[in-house]
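[1] the following comprises the amino acid sequence and a computationally predicted model.
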Protein chains: 2
Amino acid sequence: MSKLFGIGVGPGDSELITVKAVNIIKNLNVIYTPIAHNGMKSTAFKIAEPYLQSKTEIKERHFPMTRNVEERQKSWQKISKEVIEDVTKGQNVGFLTLGDPSVYSTFSYIQKIVEKEIEVEIIAGISSFSQIAATLKEPLMLDDQSLTVVPATKDIDEIKKFIIDNDNLVLMKISSKFPEIYQFLKEQQLLSKAAIISNASMTNEVITYAQDLDETSKIPYFSTMIIKK
Amino acid sequence: MSKLFGIGVGPGDSELITVKAVNIIKNLNVIYTPIAHNGMKSTAFKIAEPYLQSKTEIKERHFPMTRNVEERQKSWQKISKEVIEDVTKGQNVGFLTLGDPSVYSTFSYIQKIVEKEIEVEIIAGISSFSQIAATLKEPLMLDDQSLTVVPATKDIDEIKKFIIDNDNLVLMKISSKFPEIYQFLKEQQLLSKAAIISNASMTNEVITYAQDLDETSKIPYFSTMIIKK
């Protein structure tokens, strides 16, 4: 039976994708991939590219990167309609997501729209925070420890509370709030406990430590901070 | 240069391992795997078995499953010494871990002992909670939400606090504390928000919902609860 597959392609390296994802990608009839304004291929697409077969039709679609919910809803509705048509025709359709489809993924919205009409299967991927721990060779958690993952898009006061309350904290996409977060870590004498990874497992991967930076440091978009007390 | 590889083999299905892990496993000289008292092969070994080459020497070692830290330390020291000897001789050595080596893994202890003497590389794997989200087709987190992962080995009062404070909560290995957790969820009227997965992605996978159980329900050892409010 034909399906929509939400496929996690992992954090960046084409080898950090599962065998299952590769086998599914090789047998897709159609693949949907976001396209940037400048026509650049998405990172998720570049990761999957070595496994794509020529029979697979590539449908590049524009996903607006905006905080305007209505505008995003409109584009998801449009793409979902097309996906439902493809699957109903008997085609196996893939939707690629960077990292893991269950972690802050646009796929979750598409899924919610289509799942009453067509079958959906989700293929887990290596999340960026899992890869960051591997790269740093630092466990995310041990023994009775907890782990909390928080996006830096949250309110800064909430972020501060999470920093205080948790032994192991992953702060995703810190670039926009870096000056405030840096200042707070300094006040709490936690600068030495915070590592930052940008573009994990990609060719432009950079590891830095908060104590080697200052408030004015420029942090790339795909940057995650891990704080271990 | 020879290394010790800490290899995440994912949650259970042999296809849910990364291409990178497969390529490394195929080229190992030695593989270490825990062995149970009854001589049964470990789950991690069974996952990796389809990729193992005949040239790879399999070293089955006993890891005591005890809360006695001294006893565990002793076994890690002994295995670490052997691993250092193998790598120093020029052999590529693999240590398999179920799920992700950065998530509650014995490998982290071995790594701490050996990393001053030999090179270590960590290959991230799909964690059980990532696979659980994929199986349930429920995102772990969306938008500005946070995710907290807590082992049920923590104190029950701490667990209760985590249940109250978090929007998305993963409770690992809940079997031992299931009656108390069930009772608390009932008091908080959260039974309808809690799903339980046992043996995720394995052939004996079972999905249940807290509202269909009661305090006396028997929960398998590899069981995780996910609470989404």
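    Happy to help now that I have it. Numbers count the residues shown, from 1 in each chain, chains lettered A, B, ... in the order given.

[2] which stretches of chain A have low pLDDT?
    Residue ranges of chain A with pLDDT under 70: A:36-37.

[3] how about the helices in it?
    Defined through DSSP state H, the helices belonging to chain A, from first to last, are A:19-26, A:43-48, A:69-88, A:107-114, A:128-136, A:156-165, A:178-187.

[4] for B:Y51, which of the ones you listed is the nearest?
    For the helices of chain A, distance to B:Y51 was read as Cβ to Cβ. The smallest value, 8.9 Å, belongs to helix A:19-26. (Each C-beta comes from the backbone N, C-alpha and C, glycine too.)

[5] report all helices and strands that that closest one contacts.
    Secondary structure elements in contact with helix A:19-26, counted by 3 or more Cβ pairs under 8 Å, 6 or more residues apart in numbering or on different chains; DSSP states H and E, are strand A:4-8, strand A:120-123, helix B:19-26.

[6] tell me the strands beside the second one, with direction?
    In this case it means strand A:120-123. Strand A:120-123 pairs in its sheet with strand A:4-8 (parallel), by DSSP bridges.

[7] residues contacting the partner strand, please?
    If you take Cβ atoms under 8 Å, 6 or more residues apart in numbering or on different chains as the criterion, strand A:4-8 is touched by A:17-18, A:21, A:24-25, A:28, A:48, A:83, A:87, A:92-97, A:99-102, A:105, A:107, A:110-111, A:114, A:118-127.

[8] at 7 Å instead, please
    Among residues not part of strand A:4-8, those counted as contacts by Cβ atoms under 7 Å, 6 or more residues apart in numbering or on different chains are A:21, A:24-25, A:83, A:87, A:92-97, A:99-101, A:107, A:111, A:114, A:118, A:120-125.

[9] what of stretch A:190-203?
    Residues from elsewhere that reach stretch A:190-203 (Cβ under 7 Å, 6+ apart): A:11-13, A:16, A:128, A:131-132, A:135-136, A:185, A:205-211, A:219-220, A:222-229.

[10] what about A:N23, neighbour count?
    For A:N23, the count of nearby residues is 12 (other Cβ atoms under 10 Å in any protein chain shown).

[11] from A:I118, how far off is A:M1?
    10 Å (Cβ to Cβ, to the nearest Å).

[12] who has more neighbours out of those two?
    Remark: of A:M1 and A:I118, A:I118 carries more neighbours, 18 against 7, as counted by other Cβ under 10 Å.

[13] give the contact list for the residue lying closest to that one once chain neighbours are set aside.
    Leaving aside its sequence neighbours, A:I118 sits nearest to A:V87 (Cβ to Cβ, 6 or more residues apart in numbering or on different chains; 4.2 Å). Under the criterion of Cβ under 7 Å, 6+ apart, the neighbours of A:V87 are A:2-4, A:93, A:118.

[14] centre of the chain versus stretch A:18-34, how much separation?
    Its chain's average C-alpha position is 17 Å from that of stretch A:18-34, according to Cα atoms, centre = their mean, to the nearest Å.

[15] any buried residues in that stretch, and which?
    Along stretch A:18-34, the positions that meet the burial threshold by neighbour count (16 or more other Cβ atoms under 10 Å in any protein chain shown) are A:18-22, A:24-25, A:28-34.
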